[in-house]
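S.K.: Structure for this input, please:
(2 chains)
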Amino acid sequence: MTTLATNRGAGVTPRCRGARIGAGWIGVVPFGVYALLFLAIPAVLAVASGFFTESGAFTLANFDTFADPTTQKDIVGSIGLSAVTAIIGAIAGAIICYALLSMSSDGLVRTVVDAASSVFAQFGGVMLAFAFIATMGNTGLLGIIIDGLFGANAYTSPLYTVPGLVPVYLFFQIPLMVLTFMPAMEALKPAWGEAVATLGGTRRTYWWRVGIPVLAPAFFGCTILLFANSFSSFATAAALISQGGLISLDIFRATTSETVVGHANEAGSLALAMVVVMIVLMSAYGVLQRRAAKWEN
Amino acid sequence: MTPIQAGPAAEPFVAGRAGRAPRFGAPPSKATARVILLVTGILFLLPIVAMGVFTFRANGGGYTVGHYLDLFNPALEYNYDVLFQGIQNSLILCVITAAIILLLMVPTMVLIEMRYPRLRRVMEFICLVPITIPTIVLVVGLAPTYSVVAQVVGSDAWTLAFAIGVIALPYAYRPVAVNIAGVDVRTLTEAGRSLGAGYLSIMWRIILPNLRRGIIAAAFITITVVLGEFTIATFLGRTTFQTGLLQVESGDPYVAVIFALLALLFGFVILLIIGRVGSIRPKNKD
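M.R.: Numbers count the residues shown, from 1 in each chain, chains lettered A, B, ... in the order given. Here you go, the predicted structure:
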């Protein structure tokens, strides 16, 4: 990790500083205003809207939605999907990182894997959903193969249900693990391997006594990040599932439904719940990252 | 995201003599690594290949290039209008969002580095916080914000750039921050000042050329964020590339898949370029 150099002693001379301070502050203002208008205010509005009725009166009624069995089922669905894809994604991603260790860090393989991981992890969304419709959808490649083997209409696609999202989500979870876990893997110093070997240890000893303990905080941190990523993702699910089943889909339905009057602000209470979950997750991630950073030097 | 720190490469220890040297340390054998990467590569290519096959599938069965020809068929053009409109909007959004990043975020970061290092932590916090707040949450608050925006500047699709710029901040911030950390902005500024240059001249002629790599990476990454953005456009009911894709998909899935495939390849090429730009770095820096 490159530490930011703080060379505050060698500053600009006091004369310049005094003369220019007014003009300098103006330079910081536009970005501050932008962040206030499009980040701070929307974030506060989103969470606060859960406490108000549509006419603007304070209420806690929006939180009744959490007593609704559908909402409860969808929260459980979101947590379940996130947990399953985070655990599988973290393990598979870690294995890929392990394999990448024996590839040169600026070679062709690494560059291609990095670019492909970024595409799948961040760019995917709707397009990833299409890829899976073409693969596992009702008229997808898998369906054609299975129908060919077992007769027409033997295949029903599992894709349009929440459990069916697991393979699709893994296609952005595994790459995200590769991107976030690789720096920790690369920080394993060759000298530690040599030290274990000098002391008569095998590779098994190395992994059991050095590798796994050193990587554990980063691994669990990245797993949490994957959970948060899946928990808050929307595009892929929205492209595949139309009738809900996840909390992010519920938020969309609450904001857009014009048939059920008075439910728009339930989106606010759902958003608040999501933010609370995210803050807990990201705090845990921060703690684990700090522990992991001890070795990345 | 492209890993920014190219940490010390954990090269396998090379034993002095030929033959099967005993291995130790973390890296697996080349053979193990190749098997793992090959299996992963095949698994990840499968859906992409399936997309490719799908675009040649004829409606009644069999294969055809007809779906590609449909794109140029004037009689069918109105079917794809929403998609072309979306692509056009997304390209405009790319330009404006990149402008927000390059003209608002980058100069602010440089200014903070030059004059107000104490604000560095604040800037970092602002730029990274959109990762913690899911887009799906932010859009709930963006809806009322945009009803005000609509009164001020109208409700055209380009206005989405303000919101998408926020989503792009964490991704654009990192390459620029890493680049800044590797360049001694303060010393360069002092050197420029002592030679009589003004701040604008220092910024334009000294700092920006030194931050070239970070800025290029930030711009490209912003483009991929804009082209992949779906949530904000859906919630605010604007047509962009992604929402256009989804709308066309229900009527003509083949054309939607053709465009999705092209976009994935385009994104891959852009990120490949970012990776190359990032890895060819001056050797004198450790």
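S.K.: all helices for the stretch 51-200 of chain B, in order.
M.R.: Secondary structure of the stretch 51-200 of chain B (DSSP state H, counting those that start in this stretch): helices at B:66-70, B:77-100, B:106-115, B:120-132, B:135-153, B:160-182, B:185-194, B:199-202.
S.K.: can you dump the C-alpha coordinates of stretch A:270-277 into PDB?
M.R.: Extracted as PDB, the C-alpha positions of stretch A:270-277 are listed here (Å, rounded to 0.1, in the frame of the first residue of the first chain):
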ATOM      1  CA  LEU A 270     -37.100  -0.100   3.100                       C
ATOM      2  CA  ALA A 271     -34.200   2.100   2.000                       C
ATOM      3  CA  LEU A 272     -33.500   2.900   5.700                       C
ATOM      4  CA  ALA A 273     -33.400  -0.800   6.500                       C
ATOM      5  CA  MET A 274     -31.000  -1.400   3.600                       C
ATOM      6  CA  VAL A 275     -28.700   1.500   4.700                       C
ATOM      7  CA  VAL A 276     -28.600   0.100   8.300                       C
ATOM      8  CA  VAL A 277     -27.600  -3.300   6.900                       C
END
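S.K.: Okay, buried residues for it please.
M.R.: By neighbour count on 16 or more other CB atoms under 10 Å in any protein chain shown, the buried set for stretch A:270-277 is A:270-275, A:277. Heads up, the C-betas are built off the backbone N, CA and C, glycines and all.
S.K.: Can you check which of the helices of the stretch 51-200 of chain B gets nearest to A:Met177?
M.R.: helix B:120-132 (15.8 Å; CB to CB).
S.K.: Tell me where the stretch 51-200 of chain A has helices.
M.R.: A:69-100, A:108-118, A:126-136, A:141-150, A:165-186, A:190-198.
S.K.: Let's have those helices in JSON lines, adding distance to B:Tyr254.
M.R.: As requested, the helices of the stretch 51-200 of chain A are arranged in JSON lines below (distance: least, CB to CB, whole Å):
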{"stretch": "helix A:69-100", "distance to B:Tyr254": "29"}
{"stretch": "helix A:108-118", "distance to B:Tyr254": "24"}
{"stretch": "helix A:126-136", "distance to B:Tyr254": "10"}
{"stretch": "helix A:141-150", "distance to B:Tyr254": "14"}
{"stretch": "helix A:165-186", "distance to B:Tyr254": "20"}
{"stretch": "helix A:190-198", "distance to B:Tyr254": "51"}
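S.K.: Let me know which of those is the nearest to B:Pro47.
M.R.: Among the helices of the stretch 51-200 of chain A, the nearest to B:Pro47 by CB to CB is helix A:126-136 (3.8 Å).
S.K.: Compute the distance between the residue of the stretch 101-250 of chain A found nearest chain B and B:Ile36, please.
M.R.: Using CB to the nearest CB, the closest approach of the stretch 101-250 of chain A to chain B is made by A:Gly193 at 2.2 Å. According to CB to CB, to the nearest Å, A:Gly193 and B:Ile36 sit 19 Å apart.
S.K.: These two: who's more crowded?
M.R.: Taking neighbours as other CB atoms under 10 Å in any protein chain shown, A:Gly193 and B:Ile36 compare with A:Gly193 leading, 23 against 19.
S.K.: residues touching the more buried one, list them.
M.R.: A:206, A:210, B:13, B:24-26 (CB atoms under 8 Å, 6 or more residues apart in numbering or on different chains).
S.K.: Helix, strand or coil: sort out the residue of the stretch 1-150 of chain B found nearest chain A for me.
M.R.: Minimum separation of the stretch 1-150 of chain B from chain A (CB to the nearest CB) falls at B:Gly25, amounting to 2.2 Å. Under the three-state scheme (DSSP: H, G, I helix; E, B strand; the rest coil), B:Gly25 adopts coil.
S.K.: picking up where we left off before, can you tell me which of the contacts of A:Gly193 comes closest to B:Thr189?
M.R.: Checking these one by one against B:Thr189 (CB to CB), the nearest turns out to be B:Ala26, at 41.6 Å.
S.K.: shouldn't the closest one be in contact with A:Glu186?
M.R.: No. Look at B:Ala26 against A:Glu186 with CB atoms under 8 Å: they stay out of range, at 9.3 Å.
S.K.: Looking at these two, which is more packed in?
M.R.: Using other CB under 10 Å, the more surrounded residue of B:Ala26 and A:Glu186 is B:Ala26, with 24 against 21.
S.K.: Same list (the buried residues of stretch A:270-277) but as CSV, adding pLDDT.
M.R.: Output for these, formatted as CSV (pLDDT from 0 to 100):
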residue, pLDDT
A:Leu270, 88
A:Ala271, 88
A:Leu272, 89
A:Ala273, 88
A:Met274, 88
A:Val275, 89
A:Val277, 89
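S.K.: Just send the residues you listed back as TSV, with distance to chain B and secondary structure too.
M.R.: Listed next are those as TSV, based on distance: CB to the nearest CB, whole Å; DSSP: H, G, I helix; E, B strand; the rest coil:
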residue	distance to chain B	secondary structure
A:Leu270	8	helix
A:Ala271	4	helix
A:Leu272	8	helix
A:Ala273	10	helix
A:Met274	5	helix
A:Val275	6	helix
A:Val277	10	helix
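S.K.: re the thing from before, excluding covalently adjacent residues, which one is nearest to the residue of the stretch 101-250 of chain A closest to chain B?
M.R.: B:Gly25 (2.2 Å; CB to CB, 6 or more residues apart in numbering or on different chains).
S.K.: how much space between the one you found and B:Leu71?
M.R.: B:Gly25 sits 53 Å away from B:Leu71, going by CB to CB.
S.K.: Looking at those two, which one has more neighbours?
M.R.: B:Gly25 (24 against 16).
S.K.: quick one, phi psi at that one?
M.R.: Dihedral pair for B:Gly25: phi 90, psi -170, per degrees, to the nearest 10.
S.K.: isn't it right next to A:Thr198, touching?
M.R.: No. Contact criterion CB under 8 Å: B:Gly25 and A:Thr198 do not qualify, at 11.5 Å.
S.K.: where does the stretch 101-250 of chain B have low pLDDT?
M.R.: The model of the stretch 101-250 of chain B has no residue with pLDDT under 70.
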